[in-house]
Each structure stands twice: as C-alpha cells, then as structure tokens.
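A.B. asks: With the sequence up front, the predicted model follows.
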Amino acid sequence: MAEAQNSPEDLRRTTVQGGPPPAGSTTAGSIAVAAESTVATRMSAPPSFDVADFPVPHGREEEWRFTPLERLRGLHDGTAVANGAGVKVAFDAPDGVTVEAVGRDDERLGTAGTPVDRVAAQAYSSFEQASVVTVPKEAVLTEPIRIAVHGEGGTAFAHQVIELGAFAEAVVVIDHTGDAVLAANVDFVLGDGAKLTVVTVQDWDDKAVHCSQHNALIGRDASFKSVVVTFGGDLVRLHPRVAYQGTGGEAELFGLYFTDRGQHHEHRLFVDHNTQHCKSNAVYKGALQGDDAHAVWIGDVLIQAAAEGTDTYEMNRNLVLTDGARVDSVPNLEIETGEIVGAGHASATGRFDDEQLFYLMARGIPEHEARRLVVRGFFAELVQQIGIDDVEARLIAKIEEELEASVA
Amino acid sequence: MATLEIHDLHVSVEAEAGPREILKGVDLTVKQGETHAIMGPNGSGKSTLAYSLAGHPKYTITGGAVTLDGEDVLEMSVDERARAGVFLAMQYPVEVPGVSVSNFLRTSATAIRGEAPKLRTWVKEVKETMQRLHMDPSFAERNVNEGFSGGEKKRHEILQLELLKPKIAILDETDSGLDVDALRIVSEGVNRVRETGEVGTLLITHYTRILRYIKPDFVHVFANGRIAESGGPELADKLEAEGYEAYVKGGVSA
C-alpha cells in the first residue's frame, strides 16, 4: 500500500507523495497553504450556468486531463442533442413529500451550486423540464424517497432539486439503470438542522455515458450524507460538491466503485469550507479489474480564510485486482487559515497481487474465495454506510457477480 | 504416520539470463513427530526449498519428487497442499488489506478442517491461543499483517500454526528479526505444537540461536542447493563454533 497521510502538524509540507504504487497508477497528493485558492483558478473557466462561457475542452485542461473525451458522445462539444427517448424518471415518495415538474424559470433551480465544467453547463443550458422534490420543514420520513432513472437508449439533459425544510429528515435513493447518454445537475438544499442521506447508484448498462454534478448546500447545523455507488456504464463522471450556508454543518461523502474492463469511472469531489465550524469527511473506495479499467478520484478540499474551526478528512483507497487497470488518485487540500480543528488526507492504491493470493491459498483458501474475501473486506465499511437493505443486498450481489466474471 | 518425502528435488527460477537452478537435488524425509533443522548461509536455497514445498508460482520444479503419505504434492495447487497438511510459516508474511485477522483465521480453519468450526468453541480456542502467544485481543480486529511489527507478524504465523494443526510445518526463518523475548514466546508456541507429536517440523534458520529453544532431532547443513551434511543436534554446535565456511568454499551462490 502506498500511502500519503497528513495530520495538521505537517500541513506545511507542500507536496506529499506516496510510496511505490502499482504500475500504471498515480497517487499524488498535495497540501497547499495559499493566500488565494488554486482549486478555483486551475479550472479553465469560472463556474457558469451558460455553456457558452466554457471553451470546448481539448483534453489537456486540468479538469479534463483524465477523461477520454472521445467517449463522451458529444456531451462536451455541443454535438449531443436530446431526443425524446432519453431517460424515464419515476418517483416513489412517501406522503407529505411534494414532487413537481417545473419549467426552466423556476426560482428554486440552480441555488445550490453553479456548473463547473462545460458538460454540467451544457446540461443546465439544455434541459426542458426539471424535477423538484420538497420535504416540508420538520417532516421526518420513515421510508426513503426513490427516484428511478432508467435509460431508454437516447440522450438526455436533466435537472433535479431535492429540498429539505428546516429540521426535516429524509433518505433519497437515486437509481440509474439502462442505457443512456445523460448529463445532469442535482441540487440538494438542506434547511437549518435538516438531515439528508442520498444514495446514488450508477448501475448502468455497458454503453451508458453519465456526467452529473451534485451540489449540496448545507444549512446551519444540518447534516448531509452522500453515498455514491458506481459500477456500471462505459463512462461515468460525477462531481459531488458541498458548500455550507451556516455554521455547524456536517457532510459525509462516501463512495464505492467497481471498475471493470474498459470502464472509466471518475469522481471529482469538492468540499468548500466557506464558513466556520463545519465538518466534512470523505471516504471513497474502488476496486478495479481488467484491461483499461480506469478510475479517477479527485478530492479537492478548500478551507477558506473565514472557515475557522473546520474539521475535515478525506481518503481514497483503490484495490487493483488485475494487471492492465489504471488509477489516478489526487487528494488536494488547500488551507487559508490555521485556526482549524483538523485537516488531513490519505490516498492509497494497492494491488491484489500474486503474493496475497499465495498467502491466502497457503492457508487452504481456494483462489476464488481468496479474491472474494479481500474485495468484500475492502468494501465492508462502506456497504454498511448505505443503510438501505435492498440497495446493500443488490450491491453485494453485484460485487459477487463481478468477481465471478473475473474468475471465469 | 504422516511422512513428507523429498527426493532429488531440482528447482529453478526465471532470471534475466534465463532459468537459474537453485535447488540441485535435495533428498530429505520428515516424519510426524520429528524436528529437522535446516541451516545454511544466505543464498544457499533454504527459502527456495520452503516456498517450493508450499507451491509458490515463482519456482519451477525441474526434477525430482515430493510426496506426503505417498500423495504427489507437486501435482497439488497451493491451497490443496495446505489442506493436505503442509503449512509454511513465512519469513515475510504479506499484508492483506481489508481482511481482519479473525475473518482470515476462520476462513482458513474452515477450509482446512472441511467445515466451519463451531462459533463458541472457536472463539474460545482463538482467544486462548492468542493469550499464550501474548497477543492482545484487539489483534483479531486488525487487518492481516497490516501495520504489524516484525514480532507481531511472526506471532501471527505461529498462531495460525497452532490453530491449523498441520501434519508438516515448515518454518522459514521464523527467528529472524526477533528479540529474545519474542523468540522465546514464538518458540514456546512451536513447542506446544511439537509436543502433540502430530507434526513433522522443518525449521529453516540461519542462526543457531533458535535451537536453544526448539531442540531439533536432526540438523542438516544446506549449501549450494543441496544438503551438504546431516547429523544430530551436535552438528549445530559445530556450526556455532566454526560457521559455514567449510561448506561454501568454491561454491558460493549469491
């Protein structure tokens, strides 16, 4: 395991590089103590709702350098056009929850964050109708809100808003299946003291392309928990992003991906500690197997000068099961005030190699069971975070299925 | 009575300049209840013998035979050998991230014994064995070998030896890197297993120090890929006094 780990004491080190990662992987991290944020300035354009504000990427930009543009099916250059048979969205919401289809001019759209790249801006510029799901203040839901997004083989642009009133509590499951080319923005707006858990499952068919920016805006003393589960699709590129609207907010960002032969899974996190006494904790874990399986994890955390009392930690771990897979893991922590509780990051990419296999088999454990043991153990702590039985069971079954496929 | 028979074993590894022969005809018979010390200088092929017996894919058997109670060991996969009763305590045990010691031990015991051990007796068995090896109970919740000190790794190997009760135990430099206290604890573990009389032990070591704690019945000097001399415990005393020089002249391998 190559590992770069930092405690507040060694924040002044500007670059942290881990030990030897597996061949074909990068695990670089940095902690910068900067007067001005480079998280923002190294993007090729400032955030905007208008696609025209972003140049068409050529692939060498910081935010695009890991992504195979030719597989975006035109989402990045304006050639992707929505067609009627895009995606079908079904809502299943408990009593008391409002689900509305609204037009582009609805004032609740786009309040949690602004598109940060051309594809997200394209999605915002192109959707015709948005969905707004509202949980009234102080409503405590006992059943999850389920949103099933099923690809029908076409191209679609979407916008969804999940809004929780003050002290409301809800669990939302957004489930993606089928085949589609989909670009979307999803806003999560948490009122003061609200608690929201969002589980997004990317269980796409093999050819699907999915780019989505998740914007969470966390109210005073509110808690947001996001669990991102990605194992399908040809290319999935997600931006889970968090900002705070008041003090005392908490964000937990969990992610789990299983990247197979030829798949590209990219998760680009950004936590903007823009106000004081907020917490964030990010844990993403991925397993990879097969030729040209490529996982990218970017973990940007910015602690602004005003964000005294911040407590943040982020971690990414990758388990490379076979040769031919590639991981790029880049944690990046930027700190503009020293008056914080804690800040750290860790990134490690290890391979399930012949020596591990030999060790387990030398204890009588058959090969397929050895692999299963390692992968299930690796994901266990994250699977438990999901907290929704049917999703957990499906995920475990999916992991087993992937492993069976690799043995066969 | 379980017997491991090694006959004229030749083993090669792939090197840059093509296959390089490391074992050049090893003959050895280890019976249940016996302890054989294999001693030799660095590079003499001791560890190659250990890993070849366990079936490590890096080593190619180019000649000879290995049988356990008449069964062809070389035909078996790594896990089959373990289930047949061959155990290798490794010099450098491997980290297995995400797999706890307790899960690992139970999975292994289930595979070796052919059925899952009854939970209540199993928990007790593990706990008591760990206690005897001076291992803290929290050890069971850690990931296999992850962040273990050298001494912890060796104790963990011997813990497995005690729980899995093999017919043939190969201990590859279990003493290396241990301080005196740890060496004593680990040796006591090995001796508990030996005292059952049900295990044949192949103790591979560079130093005579461990032989003060684990008394061998036979001592073999390993040099240049084969056994150069065999004798009783007195041979170890000779090595202690004279070193390996007499065996490596003219035929040193790196």
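C.D. replies: Structure's in. What do you need? Numbering: from 1, shown residues only, chains lettered A, B, ... in the order given.

A.B. asks: if I look at A:Asp175, how far off is chain B?
C.D. replies: To chain B, A:Asp175 is 26 Å away according to CB to the nearest CB, to the nearest Å. To be clear about C-beta, it is placed using only N, CA and C from the backbone, and glycine gets the same treatment.

A.B. asks: do A:Thr114 as well
C.D. replies: Counting by CB to the nearest CB - A:Thr114 and chain B are separated by 38 Å.

A.B. asks: residues in contact with that residue?
C.D. replies: Contact analysis of A:Thr114 by CB atoms under 8 Å, 6 or more residues apart in numbering or on different chains lists A:Pro47, A:Ser48, A:Phe49, A:Asn215.

A.B. asks: Let me know the closest of those to chain B.
C.D. replies: Of all the contacts of A:Thr114, chain B sits closest to A:Asn215, with 31.8 Å by CB to the nearest CB.

A.B. asks: hmm, stretch A:375-389 touching chain B?
C.D. replies: Yes: Stretch A:375-389 is in contact with chain B by CB under 8 Å from any CB of the partner chain, via A:Val375, A:Arg376, A:Gly377, A:Phe378, A:Phe379, A:Ala380.

A.B. asks: Tell me the buried residues within those.
C.D. replies: A:Val375, A:Arg376, A:Gly377, A:Phe378, A:Phe379 (16 or more other CB atoms under 10 Å in any protein chain shown).

A.B. asks: which residues touch the third one?
C.D. replies: When you say that, I think you mean A:Gly377. B:Val96, B:Pro97, B:Gly98, B:Val99, B:Ser100, B:Asn103, B:Asn143.

A.B. asks: Any buried residues in the helix or strand where it lies, and which?
C.D. replies: Secondary-structure assignment from DSSP states H and E places A:Gly377 in helix A:367-386. Neighbour counts over helix A:367-386 (16+ other CB under 10 Å) mark A:369-379, A:382-383, A:385-386 as buried.

A.B. asks: Equivalent analysis for stretch A:198-218, please.
C.D. replies: Within stretch A:198-218, the residues that count as buried by 16+ other CB under 10 Å are A:198-204, A:207-218.

A.B. asks: average model confidence for it?
C.D. replies: For stretch A:198-218, mean pLDDT is 97.

A.B. asks: for stretch B:195-202, same thing?
C.D. replies: The average pLDDT for stretch B:195-202 rounds to 96.

A.B. asks: picking that back up, nearest to A:Arg268, of the buried residues of helix A:367-386?
C.D. replies: The closest of these to A:Arg268 turns out to be A:Leu382 (CB to CB; 18.4 Å).

A.B. asks: Quick check: nearest residue in space to that closest one, chain neighbours excluded?
C.D. replies: Leaving aside its chain neighbours, A:Leu382 sits nearest to A:Leu256 (4.7 Å; criterion: CB to CB, 6 or more residues apart in numbering or on different chains).

A.B. asks: Surely that neighbour is in contact with A:Thr230?
C.D. replies: Yes: contact criterion CB atoms under 8 Å: A:Leu256 and A:Thr230 qualify, at 7.4 Å.

A.B. asks: Compare the two and say which one has the larger neighbour count.
C.D. replies: Each of A:Leu256 and A:Thr230 has its neighbours counted (other CB atoms under 10 Å in any protein chain shown); A:Thr230 has more, 27 against 24.

A.B. asks: Tell me the confidence at residue 9?
C.D. replies: Since no chain was named, I'll use chain A. Predicted confidence (pLDDT) for A:Glu9: 34.

A.B. asks: my bad, chain B
C.D. replies: With respect to pLDDT, B:Leu9 has a value of 98.

A.B. asks: which SS class is the residue nearest to A:Leu382?
C.D. replies: Using DSSP: H, G, I helix; E, B strand; the rest coil, the secondary structure recorded for A:Leu256 is strand.

A.B. asks: Export the buried ones among the residues of stretch A:375-389 next to chain B as a markdown table, with columns for distance to A:Ala168 and pLDDT.
C.D. replies: Below are those laid out as a markdown table (distance: CB to CB, whole Å; pLDDT from 0 to 100):
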| residue | distance to A:Ala168 | pLDDT |
| --- | --- | --- |
| A:Val375 | 37 | 87 |
| A:Arg376 | 35 | 84 |
| A:Gly377 | 36 | 82 |
| A:Phe378 | 34 | 85 |
| A:Phe379 | 30 | 89 |
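
A.B. asks: Of the contacts of A:Gly377, which are in range of chain A?
C.D. replies: Within the contacts of A:Gly377, those near chain A by CB under 8 Å from any CB are B:Val96, B:Pro97, B:Gly98, B:Val99, B:Ser100, B:Asn103, B:Asn143.

A.B. asks: Heading C-terminal from the helix or strand hosting the fourth one, find the next helix or strand.
C.D. replies: Element membership of B:Val99 [criterion: DSSP H and E] is strand B:96-100. On the C-terminal side of strand B:96-100, the closest following helix or strand by DSSP H and E is helix B:101-113.

A.B. asks: any idea of the mean pLDDT in that following helix?
C.D. replies: For helix B:101-113, mean pLDDT is 96.

A.B. asks: Got phi/psi on A:Thr322?
C.D. replies: Torsion angles at A:Thr322 (phi, psi; degrees, to the nearest 10) stand at phi -140, psi 170.

A.B. asks: and what of B:Val126?
C.D. replies: Dihedral angles (degrees, to the nearest 10) for B:Val126: phi -60, psi -40.

A.B. asks: Just list the residues touching it, thanks.
C.D. replies: B:Ser102, B:Leu105, B:Ala140, B:Leu163.

A.B. asks: For the stretch 151-254 of chain B, what lies in contact range of chain A?
C.D. replies: So the stretch 151-254 of chain B meets chain A at B:Gln160, B:Leu164 (CB under 8 Å from any CB).

A.B. asks: Please enumerate the strands of the stretch 151-254 of chain B.
C.D. replies: With DSSP state E, counting those that start in this stretch as the criterion, the stretch 151-254 of chain B has strands at B:168-172, B:200-205, B:218-223, B:226-231.

A.B. asks: Okay, now the unreliable bits of chain B?
C.D. replies: Across chain B, residues meeting the criterion (pLDDT under 70) sit at B:249-254.

A.B. asks: quick revisit: what packs against the strand holding B:Val99?
C.D. replies: Other elements packing on strand B:96-100 under the criterion 3 or more CB pairs under 8 Å, 6 or more residues apart in numbering or on different chains; DSSP states H and E are strand A:311-320, helix A:354-361, helix A:367-386, strand B:143-144.

A.B. asks: Dump the ones you listed to CSV, plus distance to B:Gly114.
C.D. replies: Shown next, in CSV, are the helices and strands packed on strand B:96-100 (distance: least, CB to CB, whole Å):
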stretch, distance to B:Gly114
strand A:311-320, 29
helix A:354-361, 16
helix A:367-386, 14
strand B:143-144, 22
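
A.B. asks: Which one of those lies nearest to A:Val99?
C.D. replies: Ranking these by distance to A:Val99, with CB to CB as the measure, places helix A:367-386 first at 23.0 Å.

A.B. asks: Dump the closest one to CSV, restricted to CA.
C.D. replies: The C-alpha coordinates for helix A:367-386 follow below in CSV (Å, rounded to 0.1, in the frame of the first residue of the first chain):
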residue,chain,number,x,y,z
GLU,A,367,-8.5,-18.9,-5.2
HIS,A,368,-11.9,-17.5,-5.9
GLU,A,369,-12.7,-17.4,-2.2
ALA,A,370,-9.5,-15.5,-1.5
ARG,A,371,-10.4,-12.8,-4.0
ARG,A,372,-13.9,-12.5,-2.6
LEU,A,373,-12.6,-12.3,0.9
VAL,A,374,-10.3,-9.4,0.0
VAL,A,375,-12.8,-7.5,-2.0
ARG,A,376,-15.7,-7.9,0.4
GLY,A,377,-13.5,-6.9,3.3
PHE,A,378,-12.3,-3.9,1.4
PHE,A,379,-15.8,-2.6,0.8
ALA,A,380,-17.4,-3.7,4.1
GLU,A,381,-17.2,-0.4,6.0
LEU,A,382,-18.8,1.5,3.1
VAL,A,383,-21.5,-1.0,2.3
GLN,A,384,-22.6,-0.6,6.0
GLN,A,385,-22.9,3.1,5.4
ILE,A,386,-25.7,2.7,2.9
